[in-house]
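Enquirer: Pasting a predicted model and its sequence here:
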Amino acid sequence: DILGSVGARNDAHKLASACAHGTQRFNHLDLSLSRPPLRHFPPLPMALPNYGIIEPAVFRSAFPTPDTFAHVRMLALRTVVNLSQEALTRAAAAFLAEPQPEFIAELLKALRLEGEGGMPASVVEASLRALAALAGDRAHSSGTILALRGGGNPAVLAAVVTSAVTRLTNAPSAPIGRALVEAKLPQMELDAINREANAPVPLAEALVGLLSTLVISHGGCQFLRDVSLLPTLLPLLKNRNPRHVHVVSHAVHVLEIFMDYASAAAAAFRELGGMEILVERLKAETEDALAEHRALRGGGGDGPPEEKEGAGASGETNQPAPQYLVSSTRRVLIKALMRALALTNFAAGANNVKVAGLEDGSLSAALNLIFENARLFGAGVFSLAANLLCDVMNHEPTCYPKLDSQGVPRTFLEAWESEEKAPAPSGDALCCLPNALGALCLSPAGFERVSKSKALDALTTAFTTRAYAKALQGDTASVVGGNLDELLRHVPGLQANGV
């Protein structure tokens with residue numbers, strides 16, 4: 001992908017270290033339309049110390065003239081190297097900086113043909129990635145988004161999103177956790193299921209990458225509004241295939257940013273039943289994460305972690321077993337789900353919105369699983385769950401009896417009262433403790449339960465043991481102190497215990 005005044009084939013090969021991997025191998029290109037456009041040469045792999053093996057994808061020509069600009073745009077060059085001694089003309093400089101409308105039109109044509117079944121998935125994937133690269137480039141962003149919004153292009157992208165979501169949803173899924181062990185599937189059958197489940201993933205990843213690039217700009221969000229992103233992407237949240245968890249995480253992140261951009265989008269998301277879908281997925285994801293952990297590690301709430309593993313080869317039984325967290329991809333998705341739920345349910349303008357999942361107990365079930373297995377989910381997930389509990393209490397203080405009947409305050413306080421169940425030493429977990437206690441104290445019954453508990457003793461442990469020395473570095477200590485000061489000022493009944 002190099003364009004320049006290269007005089008000889010050997011000089012062109014020397015430039016191969018500067019080019020990216022190409023889909024075709026060129027060593028010479030004549031832009032004259034009267035001659036054959038390409039002349040192929042055999043590949044010449046080159047081993048470079050810092051780049052590994054790079055296959056040349058080089059062609060040479062004189063710098064294009066205005067008559068050949070359109071031809072060069074269609075080549076979709078990634079890197080342009082000018083080796084000429086002459087200064088660029090004004091037309092040439094403008095050519096390098098313009099948004100390349102012909103190239104964008106061809107990419108959109110590929111997406112349109114995908115909906116008609118006439119374009120391979122690999123070409124559609126490459127087109128989506130090229131559009132994402134153009135939309136993310138500052139010099140080409142505005143022109144790319146302007147081209148995307150023109151004509152019937154929003155409907156084209158909406159059809160691609162619908163097609164990708166349908167393929168992911170219809171893909172087969174292997175059992176999870178203990179069900180996988182009990183199914184006793186032959187390895188060949190399991191590999192076939194996973195291979196078929198992985199087939200639509202590359203296209204979905206490229207699509208979500210484009211959406212992630214568009215959603216961070218004003219024009220991109222307007223285009224996604226034209227696409228009707230919410231109803232087309234929402235069914236993906238119901239996909240529980242373990243091979244697609246990372247795709248769902250990116251999709252939830254896109255929805256979160258999009259709803260943060262437009263309050264009307266958050267209202268539309270609630271009307272479409274999005275909050276209920278988020279809560280149900282949060283509950284299912286915590287259950288699936290623990291089920292996978294039990295199947296792989298033998299842990300997950302069946303006893304203290306130190307008792308999960310058997311004795312070593314030497315017969316020692318008093319050696320603590322190593323602590324393993326649940327799957328990192330599932331933890332990322334759980335965090336994204338809780339952030340999106342807090343944004344849609346407790347943001348400004350949602351004062352009259354009921355807490356999703358509170359009546360049927362699905363939200364409480366998810367929070368209980370996280371609080372009961374704080375060491376397995378990690379301090380990051382635990383702190384977000386505690387903040388979600390604070391949001392619920394601050395949003396609707398009268399809901400404490402419902403939470404108490406479902407055991408949420410008890411499991412949260414017990415997590416801090418026991419060193420075995422407490423989250424690992426972390427600044428995030430410590431910062432959320434005073435805030436959560438203050439939120440529970442908004443109810444008289446909650447204040448009584450907090451005052452009888454020993455959750456505040458966790459701060460004494462944090463301030464007097466070496467295990468928390470690293471967690472209290474930076475601004476963590478001042479933040480914890482400020483939150484504790486606010487707790488004792490707003491809840492005078494805890495001042496004696498606090499002091």
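Expert: In hand now; what should we look at?
Enquirer: Give the closest residue to residue 491 in space, chain neighbours not counted.
Expert: Leaving aside its chain neighbours, residue 491 sits nearest to residue 441 (4.6 Å; criterion: CB to CB, 6 or more residues apart in numbering). C-beta: built from backbone N, CA, C; applies to glycine.
Enquirer: correction: residue 456
Expert: residue 497 (5.6 Å).
Enquirer: Quick check: buried residues in the strand or helix carrying the one you found?
Expert: Using DSSP states H and E, residue 497 sits in helix 495-498. Residues of helix 495-498 classed as buried: residue 498 (neighbour count, 16 or more other CB atoms under 10 Å).
Enquirer: So what touches it?
Expert: 451, 456, 484, 487-488 (CB atoms under 8 Å, 6 or more residues apart in numbering).
Enquirer: Can you pick out the most distant pair from these?
Expert: By the measure CB to CB, 451 and 484 form the most distant pair in the contacts of helix 495-498, at 15.4 Å.
Enquirer: neighbour-wise, which of the two wins?
Expert: Remark: of residue 451 and residue 484, residue 484 carries more neighbours, 21 against 15, as counted by other CB atoms under 10 Å.
Enquirer: Quick check: next helix or strand after the host helix or strand of residue 163?
Expert: Element membership of residue 163, judged by DSSP H and E, is helix 153-170. Per DSSP H and E, the first helix or strand lying C-terminal to helix 153-170 is helix 178-183.
Enquirer: quick check: mean pLDDT across that next one?
Expert: Rounded to a whole number, the mean pLDDT of helix 178-183 is 80.
Enquirer: now residue 447: how far from residue 180?
Expert: The spacing between residue 447 and residue 180, counted by CB to CB, to the nearest Å, is 45 Å.
Enquirer: nope, residue 196 is what I was after
Expert: 16 Å.
Enquirer: what does residue 269 give?
Expert: 33 Å.
Enquirer: Which one of the two is surrounded by more residues?
Expert: A direct count of neighbours by other CB under 10 Å for residue 269 and residue 180 places residue 269 higher, at 22 against 16.
Enquirer: what helix or strand does the more buried one sit in?
Expert: For residue 269, the element it lies in under DSSP H and E is helix 263-271.
Enquirer: other SSEs contacting that helix?
Expert: The helices and strands touching helix 263-271, judged by 3 or more CB pairs under 8 Å, 6 or more residues apart in numbering; DSSP states H and E, are helix 229-233, helix 245-261, helix 328-346.
Enquirer: Now it: buried residues?
Expert: For helix 263-271, using 16+ other CB under 10 Å, the buried residues are 265-266, 268-270.
Enquirer: from those residues, which is closest to residue 151?
Expert: Closest approach to residue 151 among the buried residues of helix 263-271 (CB to CB): residue 265, at 23.6 Å.
Enquirer: quick one: contacts for the closest residue to the closest one other than its chain neighbours?
Expert: With sequence-adjacent residues excluded and distances taken as CB to CB, 6+ apart, residue 265 is closest to residue 259, at 4.7 Å. Residue 259 is in contact with 265-266, 269, 340, 343-344, counting by CB under 8 Å, 6+ apart.
Enquirer: Roughly how far does residue 259 sit from residue 416?
Expert: Relative to residue 416, and taking CB to CB, residue 259 is found at 32 Å.
Enquirer: ok, now residue 235?
Expert: Using CB to CB, one gets 39 Å for the distance from residue 235 to residue 416.
Enquirer: before we move on, what about residue 176?
Expert: Relative to residue 416, and taking CB to CB, residue 176 is found at 30 Å.
Enquirer: The two: who's more crowded?
Expert: Comparing residue 176 with residue 416 by other CB under 10 Å, the one with more neighbours is residue 416, at 25 against 17.
Enquirer: Which pLDDT value does the model give residue 260?
Expert: The model reports residue 260 with a pLDDT of 88.
Enquirer: Repeat that for residue 12.
Expert: pLDDT for residue 12: 37.
Enquirer: cool, the one 4 residues further on as well?
Expert: Per-residue confidence (pLDDT) for residue 16: 37.
Enquirer: ok, now residue 83?
Expert: 73.
Enquirer: And for residue 316?
Expert: What the model reports for residue 316 is a pLDDT of 40.
Enquirer: Residue 9 too?
Expert: Among the per-residue scores, residue 9 holds a pLDDT of 37.
Enquirer: give me every residue that touches residue 207.
Expert: Neighbour list for residue 207: 128, 160-161, 164 [criterion: CB under 8 Å, 6+ apart].
Enquirer: pLDDT of stretch 276-294, averaged?
Expert: Here the average pLDDT along stretch 276-294 is 93.
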